[in-house]
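S.K.: Sequence plus predicted model, see below.
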Amino acid sequence: GNSVTQMEGPVTLSEEAFLTINCTYTATGYPSLFWYVQYPGEGLQLLLKATKADDKGSNKGFEATYRKETTSFHLEKGSVQVSDSAVYFCALSDPGYSTLTFGKGTMLLVSP
Amino acid sequence: DGGITQSPKYLFRKEGQNVTLSCEQNLNHDAMYWYRQDPGQGLRLIYYSQIVNDFQKGDIAEGYSVSREKKESFPLTVTSAQKNPTAFYLCASSSRGLAHQGEQFFGPGTRLTVL
């Protein structure tokens, strides 16, 4: 079955540092890939997505590239802010787009 | 504004009582989902429904029940058979159109505490 593996957190960074959160997946077919962000006590918000190999999703300074050869979708940001502190989830769709499989989430803590 | 509402935000119940969590969407989405979130566990799928009057079990359906009588509404009942119901519950919806490729939209969640 499908599965998503994310690096364990928390990831602790100083403001303006470079961020990478690793995500690798196992899936049949050609899933769509997503990064969601969750702020404390809230639901999930879509951060970015990519629907086919070599696509790059980007939003609010975050980027991730769909790498089929390495089955990866790592999240990056060049300069993090305190307001980026949250939990980040990597997810993939099943071939029929009816369900998502989520990773366990990675907490990011950014200090001033 | 279009979106998903969940009520209430916080819910307290005594052990042995059934409780129903509300989820409503005005996005005109066909599919709706219920997830459970526990610390360090990520999101686990409880039930989902792709069309009115039809629903499927997810990975952890035991102790839960749902109904889908209207397109806009997908209530979740946590029954007394659920052994550890205290958790954060998230509702989501999605369009079945290919343009969205499986993207789901989430509500703000309900935190259920069983005393």
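M.R.: Right, received. Where do you want to start?
S.K.: Please count neighbours and contacts with C-alpha atoms only from this point.
M.R.: Fine.
S.K.: Against chain A, how distant is the residue positioned nearest the centre of chain B?
M.R.: Of all residues in chain B, the one closest to the mean position by Cα atoms, centre = their mean is residue B:34, 2.6 Å from it. Separation of residue B:34 from chain A (Cα to the nearest Cα, to the nearest Å): 11 Å.
S.K.: List the residues that contact that residue.
M.R.: By Cα atoms under 8 Å, 6 or more residues apart in numbering or on different chains, residue B:34 lies in contact with B:45-48, B:76, B:89-92.
S.K.: out of the residues you listed, what pair is the most spread apart?
M.R.: Across those, the longest distance by Cα to Cα is 13.4 Å; it joins B:48 and B:89.
S.K.: Okay, buried residues for the top strand by length along chain B please.
M.R.: Scanning chain B for the strand with the most residues, using DSSP state E, yields strand B:42-51. Neighbour counts over strand B:42-51 (16 or more other Cα atoms under 10 Å in any protein chain shown) mark B:42-51 as buried.
S.K.: which element follows it toward the C-terminus?
M.R.: Next helix or strand after strand B:42-51 toward the C-terminus (DSSP states H and E): strand B:54-57.
S.K.: what packs against the helix or strand of chain A with the lowest mean pLDDT?
M.R.: Within chain A, no helix or strand scores below strand A:100-102, which has a mean of 93 by mean pLDDT, DSSP states H and E. Helices and strands touching strand A:100-102, by 3 or more Cα pairs under 8 Å, 6 or more residues apart in numbering or on different chains; DSSP states H and E, are strand A:3-6, strand A:86-93, strand B:42-51.
S.K.: sorry, back to before: if the residue nearest to the centre of chain B is in a bridge, with which residues?
M.R.: On the basis of DSSP bridges, residue B:34 is bridged to residue B:47, residue B:91.
S.K.: do the one 4 residues further on as well
M.R.: Taking DSSP bridges, one obtains residue B:42 as the residues bridged to residue B:38.
S.K.: Where do the strands of chain A begin and end?
M.R.: A:3-6, A:11-14, A:19-21, A:23-26, A:33-38, A:44-50, A:56-59, A:62-65, A:75-77, A:86-93, A:100-102, A:106-111.
S.K.: which residues are contacting the third one?
M.R.: Outside of strand A:19-21, the residues within contact range by Cα under 8 Å, 6+ apart are A:6-7, A:13, A:74-80, A:106.
S.K.: If we use 10 Å, what do you get?
M.R.: The set of residues external to strand A:19-21 that reach it, using Cα atoms under 10 Å, 6 or more residues apart in numbering or on different chains, is A:6-9, A:11-13, A:62-64, A:73-80, A:88-90, A:105-108.
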